[in-house]
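> give the three-dimensional model of this entry:
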Amino acid sequence: MGLKVNFAFFRGNSILLLFLLLSTDFALDNEKDSLYFEEFQKFMIKYNKNYQSEEELKKRFGYFKESLNFIEENKDKVKHKIGINKYSDISQEEWNRMFPPLDLSGLEPLNEKGKLFLSKLEQKTISIPETLDFREQGKVTHVKNQGPCNSCPLFAIIATIEAQYKNKKGVLESFSEQQLYDCMDYHTKCENLIVVTRVFQYYGNLKYLYKEDFYKYKLRDDKKNCKSFEQAKASGKNEAIRLNSVDFLGLSNEDNSIPIDMMKQLLYEINGPIFVTIDSQLIKGYVGDIIKTNPCSKGSIPDHAVVIVGYGVDKDGSTYWIVKNSYGKDWGESGYFRVLAGENICSIENVALFPDVRTLDFYDWCPMEGCIECSSSGGCTKCGKGYYLEDNTCKKCIDNCLDCENNKDCKKCDIWGGYDMAENLCHKCQSEFEICGEVVLCKDNYYVDQNKKCVKSSIKNCQFVEMNNNIEVCQMCDDGYGLNQKKECQKCSISNCRTCEFNDDEEENCLKCEYGYSEPIPSNTPTNSCLKCKDGCNYCLSSESSYRDENGNCFDCPQKCEKCELIFNNKFDIICVERSPSDDNKAGSLEVFKTSILFILLSLLI
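So this is what the prediction gives:
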């Protein structure tokens, strides 16, 4: 059977149509493949897919068929709806690269505080509502899209803060995830954001937060454009808000799940969403309804962060979680999914992280340094972390102290900044420690031993190490290296490659190029070369024909295009906003030529 093409789809995509019709290799020889391709066309239309070559189209169609086969094999094994979604044209291998396992080590400081918070909760006698949905209370912002980057912890954390801002100020604001990308001292890149404690470390010292409209998500870090505290203060409340940093509390249990009643009480008490983690196999192929079967193996490793925004009761009397995802509104149930509560399906009830609502607060901008609440007369009435109040002014605590009553004694040191308290003073941890004292978190290239000491890894050039049955296992290599099949860090041989990988045949691919060199699109798609961008550009999609906008972003302009823009809406798109003047007259004849070709092809097919 020959290929049937839906011509309506190819309106405006003439080059792709010519690829298909003139190719002798793309013939669909059986009826099943023909039906699959009709579904593939619908999929491309719905999700605005635009593949750049015939080879890419063939590959994506192959993955799409695998997704259809998965759906066919599993639709009767699950009670929820599975089907085609926006990720149905990528392979499992690509999925694993884009969303690697999350590193949840170092959460002990949050857990200790969480246990104390919980002990006080258990002393209360409160009536928990049968159902709860923070969306109905106006405490949940629009569904956002993290794109092909493992930035889910940023979106989940921000969602919890947005709800608490509504509780405190009565207004729902959408805040910026990009601020962390650009401003966090830790060297961020898509794959590094799996280290959840680094993310909480930044928010633990945060004093300002930009609104999303003024600091939009770019899917990459841009350190040179970090908007500082001084810029936020100068912008006033229109662009950024002032807060007294964010203390997070945690409950986690790797062996046993958090009881359902405790989770419900927690949601009710903090009056907002909570941060949880899942194994993303939970939502593979998800399109709707309540997930009640567990597709994950026992002890599966979480690779995705989401937020529980409430719970409901199904017609059979079972309770389910309402979960906000960060895959965009065109995924799942308008960006959400539901999953049976109390069964710890895909580890969703192993970890719960949430802002300490007792200390979190938001303030107007005060002109005085360190002041977070000021009177109409100009005097300060409340100081932020690291300051104490004296004679209506804020004075600094001793160095690296977050809480004090004078400039001599400290009550709380900046443990996230690498300080421990002894004799009311803050002492710098030894160089190998990120956090020292009762709780330990090690620097890169070190791991925590049984004596809570940081020991340098014996695996050379390994950035993150975990101990598994007293054996060192590398999770991520330093820049310029990639994990080979022996779990060793092997130097990338591809010039200017920042992150590489080695497959079963020890063939090397680059996943991330150095700044100033072409970026694989979509992110983490393997390539075997990193080409230099144009002079002055630190980010581009290819080497020579890169365009630089006012923000310093570089990307390809289409041929005959004078000016173009790069946008991200589920995928990268390059749009031409100004054609080359010399090509205006040629444009009309080119369209006539395209139309003539189409009529000829149509007549041949008829």
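> for the one helix or strand Lys264 maps to, the distance to its chain's centre please.
Using DSSP states H and E, Lys264 sits in helix 260-270. Offset of helix 260-270 from its chain centre (CA atoms, centre = their mean, to the nearest Å): 25 Å.
> other SSEs contacting it?
helix 108-122, strand 132-133, strand 274-278, strand 304-313, strand 351-355 (3 or more CB pairs under 8 Å, 6 or more residues apart in numbering; DSSP states H and E). For every residue, glycine as well, the C-beta is placed using N, CA and C.
> report the buried residues of the longest one.
Residues of helix 108-122 classed as buried: 108-111, 114, 117-118 (neighbour count, 16 or more other CB atoms under 10 Å).
> try stretch 480-489
By 16+ other CB under 10 Å, the buried positions in stretch 480-489 come out as 481-484, 488-489.
> tell me how far that stretch lies from the chain's centre.
Put simply, stretch 480-489 sits 24 Å off its chain's centre (CA atoms, centre = their mean).
> give the rounded mean pLDDT of it.
For stretch 480-489, mean pLDDT rounds to 88.
> after the helix or strand that Glu73 is a member of comes which helix or strand?
Glu73 is part of helix 54-74, with elements assigned from DSSP H and E. Remark: after helix 54-74, the chain's next helix or strand is strand 81-82, criterion DSSP H and E.
> list the helices and strands that following strand packs on?
Strand 81-82 packs on strand 286-288, going by 3+ CB pairs under 8 Å, 6+ apart.
> now the strand it packs on, how far from the centre of its chain.
With CA atoms, centre = their mean, you get 20 Å for strand 286-288.
> try stretch 294-307
Relative to its parent chain, stretch 294-307 has a centroid offset of 16 Å by CA atoms, centre = their mean.
> then stretch 333-353?
Centroid displacement of stretch 333-353 relative to its chain, using CA atoms, centre = their mean, is 18 Å.
> going forward, the N-terminal residue is numbered 2.
Yep, numbering from 2; the last one is stretch 334-354 now.
> what is the end-to-end distance of that stretch?
Stretch 334-354 has its terminal residues 24 Å apart, counting by CA to CA, to the nearest Å.
> now stretch 201-210
End-to-end distance of stretch 201-210 (CA to CA): 14 Å.
> buried set for that stretch?
Applying a neighbour-count criterion of 16+ other CB under 10 Å, the buried positions in stretch 201-210 are 201-205, 207-210.
> and what of stretch 270-284?
Buried residues in stretch 270-284 (16+ other CB under 10 Å): 270-271, 273-284.
> ok, stretch 45-52 next?
For stretch 45-52, burial by neighbour count (16+ other CB under 10 Å) applies to 45, 48, 50, 52.
> distance between the ends of it?
End-to-end span of stretch 45-52 (CA to CA): 9 Å.
> Asn452 and Glu433, how far apart?
As judged by CB to CB, to the nearest Å, Asn452 and Glu433 stand 13 Å apart.
> now the buried residues of stretch 270-284 as TSV including distance to Asn462 and pLDDT?
What follows is the buried residues of stretch 270-284, written out as TSV (distance: CB to CB, whole Å; pLDDT from 0 to 100):
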residue	distance to Asn462	pLDDT
Glu270	46	90
Ile271	42	92
Gly273	42	96
Pro274	39	97
Ile275	37	96
Phe276	32	95
Val277	33	95
Thr278	28	93
Ile279	31	94
Asp280	29	92
Ser281	28	91
Gln282	31	89
Leu283	34	92
Ile284	34	92
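> export those residues to CSV and tack on distance to Gly171?
CSV is the format used below for the buried residues of stretch 270-284 (distance: CB to CB, whole Å):
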residue, distance to Gly171
Glu270, 20
Ile271, 17
Gly273, 14
Pro274, 18
Ile275, 21
Phe276, 23
Val277, 27
Thr278, 31
Ile279, 32
Asp280, 37
Ser281, 35
Gln282, 40
Leu283, 35
Ile284, 33
